[in-house]
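Peer 1: compute the structure for the input listed below.
(chains A and B)
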Amino acid sequence: MNQPLLNITNLTVKFPTRFGEFTAIDDVSLTIQPGEIHGLVGESGAGKSTIGAAIIGLLQSPGYIANGHVQLMDVDLRKLSPADYHRLRGNRISMIFQDPQTSLNPLLTIADQLVETIQQHTPMSDSDARDHAIQLLDETGIPNPACRIDSYPHQFSGGMRQRVVIALALCTNPELIIADEPTTALDVAVQKQILQLIQQLASQRKVGFLLITHDIGVIAEITHRVTVLRNGRVMEAGETAQVLGAPTHEYTQALMAAVPRLNTKLDRFHNIVKDDPSAEEEDEWDVPGASAQFASDWLLGKRNTESKTDVPSTHPILEVNNLDVIFYSNQPSWFRKRTGFQALNNISFKAEQGKTLGVVGESGSGKSTLAKAIVGLVDPATGTLSFDGEALPPGSKRSRQHPSRRRIQMVFQDPYSSLNNRRSVEAILTEPLKLYGHGGRNLDSRKLAASVLDLVEMPQRSLTKYPHQFSGGQRQRIAVARALIAQPEFLICDEPTSALDVSIQAQMLNLLKDLQTEFGLSILFISHNLAVVRQMADTVVVLKDGEMVEYAESETFFTSPQAEYSQLLLNETPSLALLE
Amino acid sequence: MLTFIARRLFQSLFVMLAVSLLAFTLFRFVGDPVAQMVGQETSIEDRERIREELGLNDPVHEQFFRFSKNLVTANFGYSYRTRQPIGEMILSRLPATLELGFFSLIISLLVGIPAGVYTAIKTGFLSTTLLITTLVGISIPTFVIGIALIYVFGVQLNVLPVFGRGETVQLGWWKTNYLTVDGWRSLILPAVTLGIYQLTLTMRLVRSEMQDVIKTDYIKFAMARGINYRSVYLHHAFRNTLVPVITIVGLQFGGIIAFSIVTESVFQWPGMGLLFLDSIRYVDIPVMSVYLVLIAFIFVLINLLVDILYFVIDPRVRDRRQGA
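Peer 2: Have a look, this model is predicted:
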């Protein structure tokens, strides 16, 4: 075997903190050959990006490399002076960042950024550099590059921007590119194209890629070899097909079990990764009498008194008929007719009692707008909504006291911004009780809040804490608890797991399923991730540019999609099929 | 761009209308204008005659219309105190204030921006010193700084003049300090006094904006591409800090011109602030209301300028405005 392009041995990275040193990367070794795509996979906090930063020499201070070697071909990177290192950056090692929306300077044209980078490393006249830049844009698949080069980043779509980013990373002909979650912010169709581009560059230009991602599907699709990381340590490494297909390490096995498959539906995820036990130093602190059983009795009790007849209602819980939503440009003018953007066009569907309706589509397809129209945050232009057999007035005409305000609850995508950081969990959880006047004065709201926390598998002690003290997955549990305490019948989950790691996602999906079986909740589950929707939904609605392209039973949809777009979407979702 | 400016001007019209209504109310209803014009021995008949002559018995809306028309045609009326036309009084004072304000703005930008960029990028003794000394500058009231400067440079060292404009050159109606050595020397102390607050503000704003920008992906990406540090900081990062900085600097500049009163009175600088102060002392209401309208006009003008600068700096604003 010839000399590897990149050779990392026993790399250890430490961050000094007030409480002593924190070892972010612990004794990691990996090698990359020219033209190899090497996957680095792990959940958040595993230290993936730190390895990338250590290679390119841009570790966030005060972090430092405590031990180990980083060797690029014949150069020992750790022995370079800062100035030499900086010359090497861009020249021999380059980087691609996660979000193309933020990785280009918004105030400079593409030409400015490309030409500057090219001239930084090779002396070249302005016009030569520009020609080279145009050629690179062409290579990365930007149509009409001679014209587009003078555009600003905001004038490109997300996928095109990521191509520009790749062109920028390529423009000095580096040997190694560190791609940090290069497709996470992109839609599946675009993701597929970008991954193909990366594959093409690796095979044609013999560029080595270190592909950092949490998406096992992406890893399975294009990497040659993979390193699985957890808490800064290598768990398992080797050929991709072997590591992911027949994992030997316990963690890899658990991780793979948590990945939702596109081709099968599981009733529950089994054998998933437990939270790191060291993170929980819980001493027992319980509210007297609070228990999951209490919460579940309370939630069920309400239901029984409400529906006096035991006959299950036959009508759908939510019916949407010919719904149109139009957004007008925010400055209405006196002189011109208002032109609007049609976010939803003629949407009709029914959600059944106690079932899950999945809504899928790419970004901008109107998924979230649909959710907002139902909860009344957005007014439909035309069309009707009915909830549990009764007409549901549009948001601005729906009174605050309207019963649907309680009966429909929502769980948002980003658990970091959907909980108020200034309020304790207790205040967050008991607010719905006061708001909806539940249970009168006799109700011990604290006991109930603690019980509901228990129900969503959170320690009762959490009541006294604040949202910032929790991880993303825990916060999302709190958000679910907040929705539950309103005793909803219909739960809208808008991408509830897309900000979470796979193992946490699996726990979350299990939780939602359990709650559904126990309380007969009806769920509207919005997601761009088809594999997740497959696990959850009984019926699927596919949206594209505000139009409904397909509305079918989940199993029918996934086994034989009718609309061309649905087939395309299913096709482009990275799957683990290659491994099986 | 032109339609955008036209729209802004149209909006400004309403602002000016509202301010002139306020100024009119001040002029017409704070005290009795006639009582302030005439002596105690004027008979009731004479007062009534003056009232009729001045049109104070006309309906209020007609009076307001006349007031606005006079403002638009630059017919500002006469001062109660000096009996001079207000237009002339303000014109003779305006250059002094504008020159002082402009020079202090330049000082604050020339020192504040580089200091802000420096303290954002580097940490160390110089950074800390800069931050602490300017903190002192911002927490001491202007008049104390002025007096301290007078004491040190005027009284103890005796190197700089401490009051008045010194030698000036007449350019048409504009009297300027900028063309004589003595004029510049006279300008230094008041301009430093006036600029020091703005300097600290600019510096701290540039610093915090810059620190935010440096954390963004596009700066990390520029670093990862090996762009030299100078260009990363000055070309890539600094431009991105400008939009909020311009907003605040613009508003502050308006403030400097409008409220340089304290500085002008400490240094006996014959500008509009001093004029305003005298007018308040003698309840010279016509001057006060014209001053009010003029200051509003300056603010509107500066804001327009700030908006145009956004346009130049940020291509996203350009597209959005054109689209809308």
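Peer 1: just say helix, strand or coil for the closest residue to A:G383 other than its chain neighbours.
Peer 2: Excluding the flanking residues, the one nearest A:G383 by C-beta to C-beta, 6 or more residues apart in numbering or on different chains is A:L323, at 3.6 Å. C-beta here means a position set from N, CA and C on the backbone, and glycine is covered the same way. For A:L323, the assignment made with DSSP: H, G, I helix; E, B strand; the rest coil gives strand.
Peer 1: close to chain A, is stretch B:3-12?
Peer 2: No. Applying C-beta under 8 Å from any C-beta of the partner chain, one finds stretch B:3-12 out of contact with chain A, separated by at least 9.5 Å.
Peer 1: give the buried residues for that stretch.
Peer 2: Buried residues in stretch B:3-12, counted by 16 or more other C-beta atoms under 10 Å in any protein chain shown: B:F4, B:S12.
Peer 1: now it: how far from the chain's centre is it?
Peer 2: Centre-to-centre, stretch B:3-12 and its host chain are 22 Å apart (C-alpha atoms, centre = their mean, to the nearest Å).
Peer 1: dump the C-alpha coordinates for that stretch into CSV.
Peer 2: What follows is stretch B:3-12, C-alpha atoms only, in CSV (Å, rounded to 0.1, in the frame of the first residue of the first chain):
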residue,chain,number,x,y,z
THR,B,3,-38.3,54.9,-6.4
PHE,B,4,-37.0,53.8,-3.0
ILE,B,5,-35.7,57.3,-2.3
ALA,B,6,-38.9,58.8,-3.5
ARG,B,7,-40.8,56.6,-1.1
ARG,B,8,-38.6,57.5,1.8
LEU,B,9,-39.0,61.2,1.0
PHE,B,10,-42.8,60.7,0.9
GLN,B,11,-42.7,59.0,4.3
SER,B,12,-40.5,61.8,5.7
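Peer 1: quick one on the thing from earlier: what's near enough to touch the residue nearest to A:G383?
Peer 2: Going by C-beta atoms under 8 Å, 6 or more residues apart in numbering or on different chains, A:L323 touches A:L344, A:N346, A:I347, A:S348, A:L370, A:A373, A:P380, A:T382, A:G383, A:T384, A:L385.
Peer 1: any idea which of those residues is closest to B:T42?
Peer 2: Using C-beta to C-beta, A:P380 comes nearest to B:T42 of these, at 71.5 Å.
Peer 1: now residue 111, nearest residue through space, not along the chain?
Peer 2: With no chain named, the answer covers chain A. Using C-beta to C-beta, 6+ apart and skipping residues adjacent in sequence, the residue nearest A:A111 is A:I149, 4.5 Å away.
Peer 1: look at chain B instead
Peer 2: B:L199 (5.5 Å).
Peer 1: what are the boundaries of the strands in chain B?
Peer 2: B:169-171, B:174-176 (DSSP state E).
Peer 1: can you redo those as a markdown table with distance to A:S417 and mean neighbour count?
Peer 2: Below are these laid out as a markdown table (distance: least, C-beta to C-beta, whole Å; neighbours: other C-beta atoms under 10 Å in any protein chain shown):
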| stretch | distance to A:S417 | mean neighbour count |
| --- | --- | --- |
| strand B:169-171 | 58 | 11 |
| strand B:174-176 | 55 | 16 |
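Peer 1: tell me which of the ones you listed lies nearest to chain A.
Peer 2: Distance to chain A, taken as C-beta to the nearest C-beta, is lowest for strand B:174-176 among the strands of chain B, at 36.5 Å.
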